[in-house]
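# Whatever this is, show me its structure:
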Amino acid sequence: NHSPCVSAFAAMRERVKEGPLSVRAISGTHVVMLCLDLTQTDARAGLLGFAFHRKHLRLGRSDWLKTMKTFPPADSAAVGASAAGSSAGAVAAKDDSDMVKGAASHLVQKFRWNDYTVAPGEKYEYTVYPVYGKPESPTFGDASKKQATPVKIAVATEALGDPTQQHDVIFNRGVAGSQAYAQKFQNRPPAEVPNNEAFKWLARGLDEALFGFLAQASGPDYALRAAVYEFKYLPVLQAFKAASERGADVRIVYDSKDKGPKDESDPAIAAVGIEKLVLRRAAKTGIAHNKFIILLHRGKPKMVWTGSTNMTESGIFGQSNVAHITRDEAVAAMYLSYWEQLAADVSIAALRSWTVKNSPDPPADLAAASTQIIPVFSPRPDDRMLQYYAQLLGNSKSMSCFTAAFGINALMGEAIRGTKAPAYILLEKFDKTSAELEKLPHVSLAYGAFLEQEMVESAKRFSLAKDKAIHALRAQADTDDPDALADALASLSTTDDPAAAKAASPAKTTSPAKAASAAVADGASEWHKVWQGETLSGLNEHVQFVHLKFLLVDPLSEQPVVVTGSGNFSKPSVNANDENMLVIRCAPGQTRVADIYFTEFFRLYDHWSFRSHLKDRHFTKWKDRMDRLDKEVSPYLATTSAWIDPYFAEGTRQCAERVMFA
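Model (predicted):
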């Protein structure tokens, strides 16, 4: 009986358990995270993996969640097959059921899988299928054999642009160097892709949300007040101008300091003709790093646009960024008061005095705060706010997620060292502090990287040499002795490429199965068949990958904390620069904001964790990197249930994550 258990519809978080298998769903706007657990030992025996089937309820469309890994193809096990006595061939379901075939062709050997292809404000139904047996004869679980059976869970993604919601959170795609971009656009520069399709894909609605925010200033009853840092993306400047031409009162404070972005902002301002709308921020402070806009109606502040996104092509389409809209009049009024200080171009001393009085430090216990949204403005007289952020991070009980675009400040590093809770860190690039922190067992770290074309081409060269050797061996070898097979394969390498020669010359082994495996896997020879080379968009200037500035504390708890804004969690960001941050304490049952940030964090973390692992700074030679690729990141699924073992071995990261997420 394979009738799945079905849950009632959930908003953001739901958990269903049927028999030994439990499924937890956490949804944001564009991401659904599915976390599994299978605690009964009997139910894990012979488990090949899980397949995820999704039904879009409004459209009535069903499909399998796509995966990249498959079982090794039949040809991959040909060498040594007679010695090994079997072949790990392509999946051919023993059962003729289309569902079994479909599941076996979309297997995942993990206890957490994310769906990145959902749309905001939609309802989906997922069925998680445990698949057992052998690659050549897979079956669904049978409860009579104490195996797990399919579980169904219903999920609703969060809508965007709902005026009844206090917050909207919009992330751009932020991952031009990806398999999806390579497949969709053949790694062409965005400007060369017709109909702006690449730009649309990269923005993922961030540009539309920004234009929509500005379009709300539809006439003389409205006003816009903005404070910006980099300000040169012409369509945005034109949108401000259009609001002014509709009769809205528009004023923009921009960084006009020497050696700052004004050298590029000024020509853009002149080109669009909005010189009368801008105010220069030239006082001797740190950088004027804000990126916020206030919408007013009939003189009353209504809402705020803030976040990490600069008004540039790079900020909107290139590096990873977020925009955060807060529809809270009290918060908007505080932003307007702060903006008035910036517009007056007050000195750093005067602004520090103002921020301390009008934007006091939040209480140590956020539960004691009178509001759930606390704006924090800079510059401030000292670094106490940085200490506060570090204290929040250090006091995390279950997990923290932290982005560090420009490195990890010492105070934040100390907090990460001191906490016992798992800490996930997303970086633009490695630094000294990161190198020290990654050695800690509770720290998981990823940084911006992509799968270079040269690495994929290197794998292709390995493959050609290997294939030539295998075909010759098939024709010439007449022995089942594994050592003789290995020697024959080694003797057939005629390439002058030392790396390719290694691919065609596996080490001797006394195991027939190992002989077959070594002959086809050594040198990562199959990688070019699974992965394409990636390139960056070419849009980014100073920051290539991670430009985000947020912190999540206990994001899966009932009362998570989100800190987000323009500041980089550095000393200058609190005591020198013009900056704004929001400290948000989510109430029980109101975790919308945290869930969106959390699912997007792990979308990016998982994307870069794999790539930064391959591009480890310790491995500079191609041979070292290809060896690591082959040994640690196989392009194929395991053909037995041995893949499960690390997820239930106490002390492993996989085990800790399974328990934490599920």
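# and the closest residue to residue 178 other than its chain neighbours, how far is that from residue 102?
Spatial nearest neighbour of residue 178, chain neighbours left out: residue 534 (6.1 Å); criterion: CB to CB, 6 or more residues apart in numbering. Every C-beta, even on glycine, is put in place using the N, C-alpha and C of the backbone. Taking CB to CB, to the nearest Å as the measure, residue 534 falls 28 Å from residue 102.
# Tell me which of those two has more neighbours.
Remark: of residue 534 and residue 102, residue 534 carries more neighbours, 22 against 16, as counted by other CB atoms under 10 Å.
# In contact with the more buried one, which residues?
177-179, 181-182, 187, 450-453 (CB atoms under 8 Å, 6 or more residues apart in numbering).
# any low-confidence regions in the chain?
Along the chain, segments meeting pLDDT under 70 span 1-12, 74-97, 455, 458-529, 615-633.
# Just list whatever residues bridge to the residue nearest to residue 178.
Assessed by DSSP bridges, residue 534 has beta-bridge partners residue 452.
# any idea how far residue 185 is from it?
11 Å.
# So which residues of the stretch 101-250 of the chain form helices?
Remark: helices assigned in the stretch 101-250 of the chain by DSSP state H, counting those that start in this stretch are 179-185, 197-203, 206-215, 234-245.
# Tell me which of those helices lies nearest to residue 171.
For residue 171, the closest of the helices of the stretch 101-250 of the chain is helix 206-215, at 7.2 Å, according to CB to CB.
# need the longest strand for this protein.
Identified as the longest strand of the chain according to DSSP state E is strand 123-134.
# Check which helices and strands that strand is in contact with.
The helices and strands touching strand 123-134, judged by 3 or more CB pairs under 8 Å, 6 or more residues apart in numbering; DSSP states H and E, are strand 21-27, strand 32-38, strand 47-56, helix 98-104, strand 137-140, strand 151-156.
# What does the residue nearest to residue 652 when sequence neighbours are not counted show for phi and psi?
Counting by CB to CB, 6+ apart, residue 646 is the residue found nearest to residue 652 once chain neighbours are left out, at 4.8 Å. Main-chain dihedrals, residue 646, degrees, to the nearest 10: phi -60, psi -20.
# re the thing from before, TSV please, covering the helices and strands packed on strand 123-134 and showing distance to residue 573.
As requested, these are exported to TSV (distance: least, CB to CB, whole Å):
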stretch	distance to residue 573
strand 21-27	30
strand 32-38	30
strand 47-56	40
helix 98-104	49
strand 137-140	53
strand 151-156	36
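# how about the helices in the stretch 301-450 of the chain?
Counting by DSSP H, counting those that start in this stretch, the helices of the stretch 301-450 of the chain are 313, 329-343, 348-358, 384-394, 410-418, 432-437.
# now the fifth one, how far from the chain's geometric center?
Read that as helix 410-418. 23 Å (CA atoms, centre = their mean, to the nearest Å).
# Quick one: residues in contact with it.
383, 386-387, 389-391, 393-394, 400, 402, 404, 408, 423, 425, 433, 436-437, 440, 443, 569.
# go again using 6 Å as the cut-off
386, 390, 393-394, 423, 433, 437, 569 (CB atoms under 6 Å, 6 or more residues apart in numbering).
# what angle separates that helix from helix 384-394?
Per axes from the mean of the first three to the mean of the last three CA atoms, to 10 degrees, the angle that helix 410-418 makes with helix 384-394 is 20 degrees.
# Buried residues of helix 410-418, list them for me.
411-413, 415-416 (16 or more other CB atoms under 10 Å).
# next one: the third one
Buried positions in helix 348-358, judged by neighbour count with 16+ other CB under 10 Å: 348, 351-352, 354-355.
# can you check the fourth one too?
Buried positions in helix 384-394, judged by neighbour count with 16+ other CB under 10 Å: 385-390, 392-394.
# Please save the CA atoms from it in PDB.
In PDB, the C-alpha atoms belonging to helix 384-394 read as follows (Å, rounded to 0.1, in the frame of the first residue of the first chain):
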ATOM      1  CA  ARG A 384      28.700  48.900  21.500                       C
ATOM      2  CA  MET A 385      26.200  48.000  18.800                       C
ATOM      3  CA  LEU A 386      28.800  45.700  17.300                       C
ATOM      4  CA  GLN A 387      29.200  44.100  20.700                       C
ATOM      5  CA  TYR A 388      25.400  43.800  20.800                       C
ATOM      6  CA  TYR A 389      25.300  41.900  17.500                       C
ATOM      7  CA  ALA A 390      28.200  39.700  18.700                       C
ATOM      8  CA  GLN A 391      26.200  39.000  21.900                       C
ATOM      9  CA  LEU A 392      23.200  38.000  19.900                       C
ATOM     10  CA  LEU A 393      25.200  35.600  17.800                       C
ATOM     11  CA  GLY A 394      27.100  34.200  20.800                       C
END
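# contacting residues around that helix?
Around helix 384-394, the neighbours that count as contacts under CB under 6 Å, 6+ apart are 361, 400, 411-412, 415, 418-419, 553, 569, 574.
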